[in-house]
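Participant: Need the 3D shape of this:
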Amino acid sequence: MGSMGWESNYWIWDTVFIPRVMGGLMVMAALLGLSTGYFGALPVPGLPAALLPSSFGLFPRRNGRKKVRVYMDGCFDLMHYGHANALRQARALGDELVVGVVSDEEIIANKGPPVLSLEERMVMVSGLKWVDEVIADAPYAINENFMNKLFDEYNIDYIIHGDDPCLLPDGSDAYALAKKAGRYKQIKRTEGVSSTDIVGRMLLCVRDRPNSDNHNHSNLQRQFSHGNSHNDDGGSSSSGTRVSHFLPTSRRIVQFSNGKGPGPDARIVYIDGAFDLFHAGHVEILKYARNLGDFLLVGLHTDQIISAHRGPHHPIMNLHERSLSVLACRYVDEVIIGAPWEVTKDMITTFNISLVVHGTVAENNDLLNGDVDPYSAPKSMGIFKIIESPRDITTTSIMKRIVANHEAFKKRNERKIESERRYYEDKTYVGSD
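Facilitator: Numbers count the residues shown, from 1 in each chain. Prediction:
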């Protein structure tokens, strides 16, 4: 009854009190403006926040609540669409998402060496469209001091994590304090991908190369890629490639998409490629390309095209997986899923492309391998531009980091595989994501 009475009295605020208060403030501002114009440039102090009508409840907010800030942390090493989907779900639980990126030292102490540096992982997280703020060097386990800092300094309302367990080396729950405080919320884990699984896929690309370490690579690959298409003795199956457990749905693509097209006079920039194992170099060149126009259209080549140019076992991530990773990037407006290798004049006309760009860093120089120049049409039209790649990181360079440090990753993964095995054995249904 009280709330109904409050709602029914809104006409008093809207038609009597608020107009009179605002009118008085406008008259005051006008007089101050005249005085400064007449007497010279006298400083006009702003109205103190304590005297603003909203500060003492003159303008009640009709939505009745403040912004909800949620926090989610992680290592975000070899960041993939599963990480992106987790952050999307976390963002949906509040109005602003703050993400903590665990330090290199904390990862080494709790899991083993990270593949990507903290700086590279920060670039990846900051590049996601659902992230509002990033905290560097977050602790692996949320202790009481850090939890209070989140609540008091960052105004966090809830701490979020997936339904898969996150255990410390001593077997305790990393989020026990947040759960005890009643400030913990859980989201659904994205099935079909993990950093552990991706390492296994990468090692498929090196296991057949003739070198003295091939046996070590093969053993490591079997440990990482649990559920792959290899036999127990390390021999390849007839397919020779790992079968992804990712099940793409139209709803997931819609969830990742912007849902907006370019304006009638928009300058549309087009960039294409594999964007395999989406990394910091991809994020930064997409940011660069986006700043050259109003709308960034990204063409993703098919798995068959990439395999033809880069060899067997490529790409590491299939087309649908790569599509979600690129769509999650805040600088991307639209994606062509399965873009043609050659950028034709008809394609340029169809999408109203104003500029076609290509970076200086790539896995190999596809323009020198005897193929037809895929950019001959935009070059002839005077709308092609080579842009300097901000980083020299590539999918191959990331693979080399893992191979060079395979013993450390072997130990790290032995623990990880066991925790994932328990997760799948004990898994129960979690509500819609």
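Participant: List the contacts of stretch 92-101.
Facilitator: 67-76, 87, 90-91, 118, 121-122, 125, 130-139, 150, 154, 156-158, 160, 185, 187 (Cβ atoms under 8 Å, 6 or more residues apart in numbering). The way it works is simple: take the backbone N, C-alpha and C, and place the C-beta from them, glycine included.
Participant: Kindly supply the PyMOL command isolating those of the residues you listed that are buried.
Facilitator: Selecting only the buried entries of those in PyMOL, with 16 or more other Cβ atoms under 10 Å as the criterion:
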select buried, resi 69+70+71+72+73+74+75+76+87+90+91+118+121+122+125+130+131+134+135+138+139+150+156+157+158+160+185+187
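Participant: what ranges of the protein fall below the confidence cut-off?
Facilitator: Within the chain, the set of residues satisfying pLDDT under 70 comprises 1-64, 191-192, 203-246, 364-371, 406-433.
Participant: Just the ones of the contacts of stretch 92-101 in strands?
Facilitator: Counting by DSSP state E, the contacts of stretch 92-101 place 69-74, 133-138, 158, 160, 185, 187 in strands.
Participant: Out of these, flag the one nearest to Phe256.
Facilitator: Ile187 (15.5 Å; Cβ to Cβ).
Participant: And Val298, which helix or strand is it part of?
Facilitator: strand 295-301 (DSSP states H and E).
Participant: which other helices and strands contact that strand?
Facilitator: strand 268-273, helix 280-290, helix 319-327, strand 334-339 (3 or more Cβ pairs under 8 Å, 6 or more residues apart in numbering; DSSP states H and E).
Participant: Let me see the contact set for Pro390.
Facilitator: Gly281, Glu284, Ile285, Tyr288.
Participant: who wins for neighbours among those residues?
Facilitator: Ile285 (24 neighbours; other Cβ atoms under 10 Å).
Participant: quick one, phi/psi of the nearest residue to that one once chain neighbours are set aside?
Facilitator: Sequence neighbours aside, Gly359 is the residue nearest to Ile285 in space, at 4.9 Å (criterion: Cβ to Cβ, 6 or more residues apart in numbering). Backbone torsions of Gly359, given as degrees, to the nearest 10, read phi -80, psi 170.
Participant: tally of neighbours for Gly359?
Facilitator: Neighbours around Gly359, by other Cβ under 10 Å: 20.
Participant: Surely it and Ser389 touch.
Facilitator: Yes - the criterion here is Cβ atoms under 8 Å, and Gly359 meets it with Ser389 at 4.0 Å.
Participant: so what's in contact with those two at the same time?
Facilitator: Ile285.
Participant: All the helices of the stretch 1-150 of the chain, residue numbers only.
Facilitator: According to DSSP state H, counting those that start in this stretch, the stretch 1-150 of the chain carries its helices in the segments 2-8, 10-12, 18-39, 81-92, 104-110, 118-126, 144-152.
Participant: Check which helices and strands the fifth one sits against.
Facilitator: The contact analysis (3+ Cβ pairs under 8 Å, 6+ apart) places helix 104-110 against no helix or strand.
Participant: Dump the C-alpha coordinates for it into PDB.
Facilitator: This file holds the C-alpha atoms of helix 104-110, laid out as PDB (Å, rounded to 0.1, in the frame of the first residue of the first chain):
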ATOM      1  CA  ASP A 104      52.400 -14.800 -13.600                       C
ATOM      2  CA  GLU A 105      53.800 -15.600 -10.200                       C
ATOM      3  CA  GLU A 106      50.500 -16.800  -8.800                       C
ATOM      4  CA  ILE A 107      49.900 -19.000 -11.800                       C
ATOM      5  CA  ILE A 108      53.400 -20.600 -11.500                       C
ATOM      6  CA  ALA A 109      52.800 -21.300  -7.800                       C
ATOM      7  CA  ASN A 110      49.400 -22.800  -8.200                       C
END
